[in-house]
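**Student:** Using only what follows, build the 3D model:
(one chain, ligands or ions: 1)
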Amino acid sequence: MTDTTPSPREQLATQLAEAVAEALRQDLERQARALLIVSGGSTPLPFFRALAARDLPWARIEVTLADERWVDDAAPDSNARLVREHLLHGPAAEATFVPLTTDHETPEQGVDEVATRLEGLAWPASVAVLGMGGDGHTASLLPDSRELDLALTTAAPAVAVRSPSQPQPRLTLSAERLHRARRHFLHITGEEKRDVLARALCGDDARELPIRAFLACPVAIYWAP
Ligand SMILES: O=C1O[C@H](COP(=O)(O)O)[C@@H](O)[C@H](O)[C@H]1O
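**Tutor:** Okay, here's the model as predicted:
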């Protein structure tokens, strides 16, 4: 017989989708629109699929990203592509998705247009679902980027980022803007990320491990092996 038990990562994604959906429902009882910030990368895919299946008033929900690579939105490494392909399905296709790229050649040229777009959203966000890389980065607050200090301290909503460890330039929501969410969830999987998180919890220098900027939010940690 085939084992149909969901994997721990699928169970985690379902639990996270339930928590995010409940937060959106609660806020939409009191306000006309609600904003959801999601992360890119590979971890959120089962969460996107689980959330898309939730019964929500999607037409009143705005979705944007914590960060984006400055690539065409059909490129394999575009976070917008992941959101479009895995979250904005069925009833969830009625959500308003606000991407973080423009037609400009570089994020430095496009950042003001993205900032204007972001200012028009329903702040404070209901939820920010953060991810984390093995180097302790979250969004594109990258430990080796020249712009990390700026992104951690500026009041601007978005920052253009370049980093020797990343093949493409990126655009990230600033730490200040990511803090403007009523609830923060950290979604990570695997032993390596658990160890990085454990290390981050033992210190306070966000320049070394940028995820530290959110560990006192408070943040609800969703982890599975
Ligand atoms: O570059 C990125 O990495 C992190 C984590 O990605 P994952 O593939 O390890 O899940 C992600 O949170 C961030 O949004 C993304 O752009």
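**Student:** and the gap between the spatially most central residue of the chain and S140?
**Tutor:** The chain has S39 as the residue nearest its centroid, 2.3 Å off, counting by Cα atoms, centre = their mean. Here S39 is placed at a distance of 10 Å from S140 (Cβ to Cβ, to the nearest Å). Quick note: C-beta positions are derived from backbone N, CA and C, even for glycine.
**Student:** Looking only at residue counts, what's the top strand in this protein?
**Tutor:** Among the segments of the chain that qualify as a strand by DSSP state E, the longest is strand 181-189.
**Student:** Can you tell me the strand partners of that one and which way each runs?
**Tutor:** Sheet neighbours of strand 181-189, with direction, are listed as strand 125-130 (parallel), strand 219-224 (parallel) (DSSP bridges).
**Student:** Can you check which of those strands gets nearest to the ligand?
**Tutor:** Between the ligand and the strands paired with strand 181-189, the shortest separation by Cβ to the nearest ligand atom is 6.5 Å, and it involves strand 125-130.
**Student:** hey, C-alpha coordinates of the lengthiest helix in the chain in CSV?
**Tutor:** In terms of residue count, the longest helix belonging to the chain (DSSP state H) is helix 8-30. The C-alpha trace of helix 8-30 is given here as CSV (Å, rounded to 0.1, in the frame of the first residue of the first chain):
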residue,chain,number,x,y,z
PRO,A,8,6.9,16.6,8.1
ARG,A,9,7.6,19.5,5.7
GLU,A,10,4.1,19.2,4.2
GLN,A,11,2.6,19.1,7.7
LEU,A,12,4.6,22.2,8.6
ALA,A,13,3.4,24.0,5.5
THR,A,14,-0.2,23.1,6.3
GLN,A,15,0.1,24.4,9.9
LEU,A,16,1.8,27.6,8.7
ALA,A,17,-1.0,28.1,6.1
GLU,A,18,-3.6,27.7,8.8
ALA,A,19,-1.9,30.3,11.0
VAL,A,20,-1.5,32.8,8.2
ALA,A,21,-5.0,32.3,7.0
GLU,A,22,-6.4,32.8,10.5
ALA,A,23,-4.4,36.0,10.9
LEU,A,24,-5.7,37.4,7.5
ARG,A,25,-9.3,36.5,8.5
GLN,A,26,-8.9,38.2,11.9
ASP,A,27,-7.6,41.4,10.3
LEU,A,28,-10.2,41.4,7.5
GLU,A,29,-12.9,41.4,10.1
ARG,A,30,-11.7,44.9,11.1
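**Student:** now that helix, how far from the centre of its chain.
**Tutor:** For helix 8-30, the gap between its own C-alpha mean and the chain's C-alpha mean amounts to 14 Å (Cα atoms, centre = their mean, to the nearest Å).
**Student:** between that helix and strand 181-189, how big is the angle?
**Tutor:** Using axes from the mean of the first three to the mean of the last three Cα atoms, to 10 degrees, the direction of helix 8-30 lies 170 degrees away from that of strand 181-189.
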